[in-house]
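Undergrad: Sharing a model that was predicted from the sequence below.
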Amino acid sequence: MSEEYVITDECVACDNCIEECPVEAISDEEEIYVIDNEECVGCDNCIDECPTEAIIVKE
Ligand code: SF4
Ligand code: SF4
């Protein structure tokens, strides 16, 4: 089983997730932020800190 963390277009670019990610897996190079699932360790910090519930986990 592999999970994939995805940021949807609900993202309002608040930077909360970037600040709370322990492995710097999230980049703001795009209009909508992007999670690098090769780097992500699945801690869920970003989900907990997102004000718009923009981050989802796909199984
Ligand atoms: S789940 Fe944790 S490691 Fe993965 S992107 Fe979110 S904050 Fe970073
Ligand atoms: S915490 Fe949510 S709204 Fe804020 S930048 Fe991250 S994905 Fe976007």
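TA: Sure thing, it's come through. Ligands and ions are numbered 1, 2, ... in the order given.

Undergrad: which other residues reach stretch 29-49?
TA: Residues from elsewhere that reach stretch 29-49, judged by CB atoms under 8 Å, 6 or more residues apart in numbering: 3-9, 11, 13, 16-27, 53, 55, 57. Every C-beta, even on glycine, is put in place using the N, C-alpha and C of the backbone.

Undergrad: check these against ligand 1, which are close?
TA: 5, 20-23, 25-26 (CB under 6 Å from any ligand atom).

Undergrad: Buried among the contacts of stretch 29-49? Make that a PyMOL selection.
TA: To isolate the buried members of the contacts of stretch 29-49 in PyMOL, using 16 or more other CB atoms under 10 Å:
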select buried, resi 5+7+11+16+17+18+20+21+25+26+55
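
Undergrad: Narrow the ones next to ligand 1 among the contacts of stretch 29-49 to those in helices?
TA: Mapping these onto helices (DSSP state H) picks out Glu20.

Undergrad: Flag every residue of the protein that's near ligand 2.
TA: So the chain meets ligand 2 at 7, 11-17, 33, 49-52, 54-55 (CB under 6 Å from any ligand atom).

Undergrad: Looking at the ones next to ligand 1 among the contacts of stretch 29-49, which is nearest ligand 2?
TA: Ranked by distance to ligand 2 (CB to the nearest ligand atom), these are led by Ile26 at 6.8 Å.

Undergrad: Got the confidence number for the closest residue to Cys46 other than its chain neighbours?
TA: Spatial nearest neighbour of Cys46, chain neighbours left out: Cys17 (3.6 Å); criterion: CB to CB, 6 or more residues apart in numbering. Here the pLDDT value assigned to Cys17 is 97.

Undergrad: Now do the strands in the chain.
TA: For the chain, the strands defined by DSSP state E occupy 4-7, 26-27, 34-35, 55-58.

Undergrad: Those into CSV, with extra columns for distance to Gly42 and mean pLDDT?
TA: Converted to CSV, those look like this (distance: least, CB to CB, whole Å; pLDDT from 0 to 100):
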stretch, distance to Gly42, mean pLDDT
strand 4-7, 8, 96
strand 26-27, 13, 96
strand 34-35, 11, 96
strand 55-58, 8, 97
